[in-house]
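S.K.: Here is my input, please return the structure:
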Amino acid sequence: MSRKHQDIGYIGRNRYNSEDLFFFFVVFILPAIDILGGKAVRLAKGDYNAVTVYNDDPAAQAALFKEQGARWIHVVDLDGARSGVPENIDIIERIIKETGLKIEVGGGIRSLETIDRLAEAGVSRVVLGTTLVTDPEFAKAALAKYPDMLTAGIDAKNGEVAVAGWREGAGVPAEELIAEMGKLGFKHLVYTDISRDGMQTGIDADRYVEVARVFGNPVIASGGVASIEDVRNLASVADSVEGVIAGRAVYEGSLSVEEAAKLCG
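M.R.: Here you go, the predicted structure:
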């Protein structure tokens, strides 16, 4: 097992078992907390007009995920993603202080000062999205300062990168940007299939195989998780996926965080 897999785990086939059984080692199941107006919400297909509020207190939601066995959570500052300025860092800091969970954060992160503050707060990974397209020099500077913390966040719909909280098409082919981020030196990438996000339509495992091939490293899958079967199905693409983000399925009960956490180990 590689050092990376020792650190974060993986879902995969046990190559040392003659019976070719499947074993599951993912440490990286990431329940999602999207923050909008100070509340934990989900958007359908990234539409700010299609909001469902699941908890008035994101920190309380994080604590619940911890009780259910989660060790990581994926947090998006939707206000920040829309405005370009982080608006919920205080809530993120409170989540870290109250739960001790490892947190991956994205949304409105467009300055080194913001990354510095998140790093000081104890965030484990910081996701850059819009700036990968609009300010590549900033992305390079941030990566140089935080090579292990930085994660490329690429959200795509119909093969095109979406930016500004999914409200705008960037006019950039997703695969082109994915390849550029791999060459730039990013070690981690979250790829979101917007057409599936929040719709519980199931994971397109083959798509993540292609994304990982272009990127050059395993990726984190996001968008469309519907049930524990989606987590199991990722076993067939173990070398391409290092983790999976789950949102609406968790909140609406079709995916149990506790069951997924036990499965992932």
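S.K.: does the closest residue to residue 132 other than its chain neighbours sit in a helix or strand, and which one?
M.R.: Closest residue to residue 132 apart from its sequence neighbours, by CB to CB, 6 or more residues apart in numbering: residue 139 at 5.3 Å. Every C-beta, even on glycine, is put in place using the N, C-alpha and C of the backbone. Following DSSP states H and E, one finds residue 139 within helix 136-145.
S.K.: circling back to that earlier point, what separation do you get for the residue nearest to residue 132 and residue 61?
M.R.: Using CB to CB, to the nearest Å, we find residue 139 at a distance of 30 Å from residue 61.
S.K.: ok so, going back, whichever helix or strand comes after the helix holding residue 139 packs against which elements?
M.R.: Once helix 136-145 ends, the next helix or strand along the chain (criterion: DSSP H and E) is strand 150-157. Counting contacts by 3 or more CB pairs under 8 Å, 6 or more residues apart in numbering; DSSP states H and E, strand 150-157 is packed against strand 102-106, strand 125-128, helix 131-134, strand 160-163, helix 174-184, strand 188-193.
S.K.: Tell me how far the very next helix or strand once past the last one lies from the chain's centre.
M.R.: Spelled out, that is strand 188-193. Moving toward the C-terminus from strand 188-193, the next helix or strand (DSSP H and E) is helix 205-215. The chain centroid and the centroid of helix 205-215 are separated by 15 Å, computed with CA atoms, centre = their mean, to the nearest Å.
S.K.: Tell me the confidence at residue 145?
M.R.: Looking at residue 145, its pLDDT reads 97.
S.K.: same question, residue 134
M.R.: Listed pLDDT for residue 134 reads 87.
S.K.: Next, count neighbours for it.
M.R.: Residues lying near residue 134 (other CB atoms under 10 Å) number 14.
S.K.: where's it relative to residue 110, distance?
M.R.: From residue 134 to residue 110 the distance is 8 Å (CB to CB).
S.K.: right, and residue 142 touches residue 135 too?
M.R.: No. Counting by CB atoms under 8 Å, residue 142 stays clear of residue 135, with 9.7 Å between them.
S.K.: out of those two, which sits in the busier spot?
M.R.: residue 142 (23 against 15).
S.K.: Might you report the residue contacts of that one?
M.R.: With contact set as CB atoms under 8 Å, 6 or more residues apart in numbering, residue 142 has these partners: 112, 115, 126, 128, 150.
S.K.: tally of neighbours for the third one?
M.R.: By other CB under 10 Å, the residues close to residue 126 number 20.
S.K.: Specify the beta-bridge partners of it.
M.R.: Counting by DSSP bridges, residue 126 forms beta bridges with residue 105, residue 150.
S.K.: Next one, pLDDT for it please.
M.R.: Residue 126 is given a pLDDT of 97.
S.K.: so what's it up against?
M.R.: 104, 105, 106, 109, 115, 118, 119, 142, 146, 149, 150, 151.
S.K.: What is the host helix or strand of residue 250 packed up against?
M.R.: In the assignment (DSSP H and E), residue 250 maps to helix 248-252. With contacts taken as 3+ CB pairs under 8 Å, 6+ apart, helix 248-252 sits against strand 47-55.
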